[in-house]
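Undergrad: mind folding the following:
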Amino acid sequence: IRETTVDDLGGGASIAGRSVGTTLAHGMGDTSSGAVRRTNAKIDGREDGTMEVSVETMQYVEKCKAEGLIPCGWTGPSGYKYEEGDTPPVVLMSLIRLICLILWLVLCCCVTIILLLPAIPFGLARRQALANYFGHTFGWGVVRILGTPYRVAGQEYAGYGKRRPVLYLSNHCSVLDVILCMWQVPLYTVGIGKKEIVYVPVFGWLYYLAGHYRIDRKNRKSAIESLNKAADWMVEKQLSMMLYPEGTRSTTGHLAHFKKGFAHMALRTGLPIVPIVLTGTHKAWKNHTTRFRAAPLSITFLPPIDTTGWTVEELDLHIKEVEHIFNEALPQDQKML
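TA: Numbers count the residues shown, from 1 in each chain. This next block holds a predicted model:
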C-alpha cells in the first residue's frame, strides 16, 4: 500500500490506495506505465454507495475539465429556443422532416450500394471507406433536415487522417446517436449490429455489402464467439469499431449501466477507448416517436483511454471507471439515475 497526494488534481487531501497494473492514457497512443493508485470515491447515482476509482481516472476527468471538454452539453446559440410540446407546427414540421429523412436515406443508400458493388473485388478496406463516406454524407444531411444547431468538441482526439484502430464508445438514448456517430467517426470505422439488420430494405443491404459485423444477440454463447472473432478481425484489418456499451437505447435519456461486451473487446485487442459523449439527442428525436425538435446537440470526443494493462480480474472495475467518466461528462438531465 502506498500513500499519495492529490496535488496533481489541484487539491491537498491525502489519498491512500493500492497498486494495480492499468493506466488511463491522456493522448492517442499514450501507453505511459506506472501503477494506478485506487481510492474509495463516490460515484453519483450509484446504488451501492462508494466505488473504487483510480487517481488516474480522477486525473483524466480533471484533464477533460481543464480542456473545457466536460461537463458536456450545449444550450445552443445565445438566446436560442425551440418548441418542446406537440403543438400543430411541431407535428407538421415533424411529418415534413420524416418524409425528407426517408427520401435522403434511400438516396444515400442507393448511391452507396451502386458504388459498393464494383468495389467488392478490391477488398474490405475499400468498401469500409466507401461506407464511411455514406455515414458522413447521410449524417451531414440529417442534422440539416432536422434544423438542429450542433457543436463538435475534442476533434483532436477523433483520429481524423490517421488509420489508427481504436474502440469508439458512445452513450445511446436515441436513433439520432447512431446517425451522429456515423457522421463524425473517421474512415475505416466499422459497426457491430444484430444479425437481423440485413433484412431491413435498402439500409440492410448496404450494411451487408459494407462488411459491418453482425452478431446473434439472442444466443449468448454465439454472441461471445462472434465478439471474439470481430476483435481478431479488427486487429487483422486495422479497423476501428463503434460500440454502444449500454447495450440498448436508454428509454429515459439518462445513462444506463454498461454491459461487458466493450470491455472484453478491449481486453482481446488492447486497443485504446475513445469516448464520444452525445447530449441533446433524446430531445431532438425522442425514443419510439416520429416527433423531431430542433434541440441543440453536442458531440464531444474525449482523450483515449489506454487498455493495455486491463486484466480479467479487475474487469468489473474497469467497466465502472469508464462508466464513471461518461457520467461525469454528461449534463444533469442525462446522468445515471
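Undergrad: would you state the helices of this structure in chain order?
TA: With DSSP state H as the criterion, the chain has helices at 55-66, 88-116, 124-146, 175-184, 203-210, 220-237, 261-269, 281-284, 315-329.
Undergrad: just checking, what packs against the fifth one?
TA: Put plainly, it is helix 203-210. Applying 3 or more C-beta pairs under 8 Å, 6 or more residues apart in numbering; DSSP states H and E, one finds that helix 203-210 contacts helix 88-116, helix 124-146, strand 189-194. For the C-beta atoms, the positions are set from N, CA and C on the backbone; glycine is no exception.
Undergrad: how about the shortest one?
TA: Identification of packing neighbours for helix 281-284 by 3+ C-beta pairs under 8 Å, 6+ apart yields helix 175-184.
Undergrad: again, only this time at 10 Å
TA: In this structure, helix 281-284 packs against helix 175-184, strand 297-301, with contacts taken as 3 or more C-beta pairs under 10 Å, 6 or more residues apart in numbering; DSSP states H and E.
Undergrad: the helices and strands packed on helix 203-210: which one's closest to residue 226?
TA: The stretch from these with the least distance to residue 226 (C-beta to C-beta) is strand 189-194; that distance is 8.4 Å.
Undergrad: let's have the helices and strands packed on helix 281-284 in a markdown table, adding mean pLDDT, distance to residue 225 and mean neighbour count.
TA: Conversion of the helices and strands packed on helix 281-284 to a markdown table gives the following (pLDDT from 0 to 100; distance: least, C-beta to C-beta, whole Å; neighbours: other C-beta atoms under 10 Å):
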| stretch | mean pLDDT | distance to residue 225 | mean neighbour count |
| --- | --- | --- | --- |
| helix 175-184 | 94 | 25 | 22 |
| strand 297-301 | 96 | 31 | 24 |
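Undergrad: which of the helices of the chain sits closest to residue 75?
TA: Checking the helices of the chain against residue 75 by C-beta to C-beta gives helix 281-284 as the closest, at 11.1 Å.
Undergrad: can I get that closest one in CSV, CA atoms only?
TA: What follows is helix 281-284 as a C-alpha-only set of coordinates in CSV (Å, rounded to 0.1, in the frame of the first residue of the first chain):
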residue,chain,number,x,y,z
THR,A,281,-30.3,13.7,-28.9
HIS,A,282,-33.1,12.4,-26.6
LYS,A,283,-34.8,15.8,-27.0
ALA,A,284,-34.2,16.2,-30.7
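Undergrad: begin at 50 from here
TA: Sure, I'll start numbering at 50, so the last one becomes helix 330-333.
Undergrad: average pLDDT across it?
TA: Confidence for helix 330-333, expressed as mean pLDDT, is 92.
Undergrad: name the residues that touch it?
TA: Residues outside helix 330-333 that contact it (C-beta atoms under 10 Å, 6 or more residues apart in numbering) are 131, 133, 192, 195-197, 199, 219-229, 298-303, 336, 340-348, 382-383.
Undergrad: buried subset of these as a ChimeraX selection?
TA: If you want just the buried ones from the contacts of helix 330-333 in ChimeraX, going by 16 or more other C-beta atoms under 10 Å, the selection is:
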select :192,195,197,199,219,220,221,222,223,225,226,227,228,229,298,299,302,303,340,341,342,343,344,345,346,347,348,383
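Undergrad: any idea how far residue 153 lies from residue 260?
TA: The spacing between residue 153 and residue 260, counted by C-beta to C-beta, to the nearest Å, is 23 Å.
Undergrad: residue 354 now?
TA: Distance check for residue 354 against residue 260: by C-beta to C-beta, it reads 27 Å.
Undergrad: neighbour count winner among these two?
TA: Just comparing residue 354 and residue 260: by other C-beta atoms under 10 Å the higher neighbour count belongs to residue 354, 27 against 19.
Undergrad: hmm, residue 319 and that one touching each other?
TA: No - checked against C-beta atoms under 10 Å, the pair residue 354 and residue 319 is beyond contact range at 11.9 Å.
Undergrad: residue 253 and residue 247, how far apart?
TA: Computed with C-beta to C-beta, the distance linking residue 253 and residue 247 is 4 Å.
Undergrad: what touches both of these two?
TA: With C-beta under 10 Å, 6+ apart, residue 253 and residue 247 have common neighbours residue 263.
Undergrad: one step back: the helices and strands packed on helix 330-333: which one's closest to residue 369?
TA: Between residue 369 and those, the shortest gap by C-beta to C-beta is with strand 346-350, which sits at 20.9 Å.
Undergrad: that closest one pairs with which strands, and in what direction?
TA: In its sheet, strand 346-350 lies beside strand 199-202 (parallel), strand 322-328 (antiparallel), with partners assigned from DSSP bridges.
Undergrad: which residues are in contact with residue 164?
TA: Contacts of residue 164 were listed using C-beta under 10 Å, 6+ apart, and they are 175, 176, 179, 180, 182, 183, 258.
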